[in-house]
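Asker: dropping a prediction and its sequence here:
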Amino acid sequence: MKNKKVKDRIAQGRIQELNAISSSNEDMNYRRNAIILMENIAKRMDISLKKNIKRNYCKNCKRPYGDCSRVRLKKNCVIVTCLECGDIRRFRYRP
Ligand SMILES: [Zn+2]
């Protein structure tokens, strides 16, 4: 049995690949599937996705942000609205 470090490295590599797919120009369903897979791997391997990956898609409908999101800034906060399902997420940032 492989130890956790090796497994983690494989999982991270896989996540990187899937992240590249999710931000490519592929079919939307394909990209969405990549995101779902990515989440499943992270869950199973008990690792958390990096911030830059997590903030790239809607947690509710798993659709990658970009053409279907609205971004607004308000008081040290980035507010991202998913135009597909209406889900709103807020991220703090330091000016
Ligand atoms: Zn959504």
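Answerer: Right, received. Where do you want to start? Residues are numbered from 1 along each chain as shown.

Asker: touching, residue 90 and residue 75? I think so.
Answerer: No - counting by Cβ atoms under 8 Å, residue 90 does not reach residue 75; the two are 10.2 Å apart. (Glycine included, C-beta is placed from N, CA and C.)

Asker: compare these two (neighbour count), which wins?
Answerer: residue 90 (10 against 7; other Cβ atoms under 10 Å).

Asker: so what's the more buried one up against?
Answerer: Contacts for residue 90 (Cβ atoms under 8 Å, 6 or more residues apart in numbering) come out as 77-80.

Asker: give me the buried subset of those residues.
Answerer: residue 80 (16 or more other Cβ atoms under 10 Å).

Asker: ok, which of the contacts of residue 90 also contact the ion?
Answerer: For the ion, no contacts are drawn from the contacts of residue 90 by Cβ under 5 Å from the ion.

Asker: can I get the contacts of residue 90 in TSV including distance to residue 15?
Answerer: Output for the contacts of residue 90, formatted as TSV (distance: Cβ to Cβ, whole Å):
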residue	distance to residue 15
77	27
78	23
79	26
80	21
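
Asker: please, where are all the helices along the protein?
Answerer: Using DSSP state H, the helices of the chain run over 4-22, 28-45, 51-54.

Asker: what residues of the helix or strand of the chain with the lowest mean pLDDT count as buried?
Answerer: One helix or strand of the chain scores below all others by mean pLDDT, DSSP states H and E: helix 51-54, with a mean of 90. Residues of helix 51-54 classed as buried: residue 53 (neighbour count, 16+ other Cβ under 10 Å).

Asker: name the residues of the protein found near the ion, please.
Answerer: 58, 60-61, 82, 84-85, 87.

Asker: again, 8 Å this time
Answerer: Taking Cβ under 8 Å from the ion as the contact definition, the chain meets the ion at 58-63, 68, 82-87.

Asker: list only those of the residues you listed flagged as buried.
Answerer: If we count by 16+ other Cβ under 10 Å, these have these buried: 58, 62-63, 82.

Asker: what sits closest to residue 21 if chain neighbours are left out?
Answerer: residue 34 (4.2 Å; Cβ to Cβ, 6 or more residues apart in numbering).

Asker: number of residues surrounding the one you found?
Answerer: Under the criterion other Cβ under 10 Å, the count of neighbours that residue 34 has is 23.
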